[in-house]
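>>> No letters, just coordinates:
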């Protein structure tokens, strides 16, 4: 499970752990779970001018489309709203729980730590790379 902030970091720099994780996922190194609302968030956040993503919008679209192609599309049948401090993070938790994800990869450790109550480890991109 990849949080939006990791995708933004991957698109901002081709030298970091976030970018490396996208390459590994593209090669089938681990399974990425994705819901329609999370895909819409990826698209919205990555196209904001303040995102700091230096590549052309068409390239951003290509990356997001590729993530959609390689990800397991996860339906959400139960909403875990109001569990986490930031309501937008509940969507990430919902995908992870529904998919039976073992990890949420994020830079937002503080807000997602409660995912551990669901048996989901919350790790940074660097930590996840180490685990792989």
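Alright, I've got the coordinates. Treat the numbers as computed from the prediction; the structure is a model and nothing was measured. Residues are numbered from 1 along each chain as shown.
>>> contacts and neighbour counts: CA atoms only from here.
Will do.
>>> what's the burial count for the nearest residue to residue 61 once chain neighbours are set aside?
The shortest distance from residue 61 to any non-neighbouring residue, by CA to CA, 6 or more residues apart in numbering, is to residue 43 (7.6 Å). Residues lying near residue 43 (other CA atoms under 10 Å) number 16.
>>> Helix or strand for residue 43, just tell me which one.
Per DSSP states H and E: residue 43 is located in helix 36-46.
>>> Any regions of the protein where pLDDT drops low?
Counting by pLDDT under 70, the ranges of the chain that qualify are 77-82.
>>> how close does the residue lying farthest from the centre of it get to residue 22?
Distance from the centre of the chain peaks at residue 56, with 20.7 Å (CA atoms, centre = their mean). Distance, residue 56 to residue 22, using CA to CA, to the nearest Å: 18 Å.
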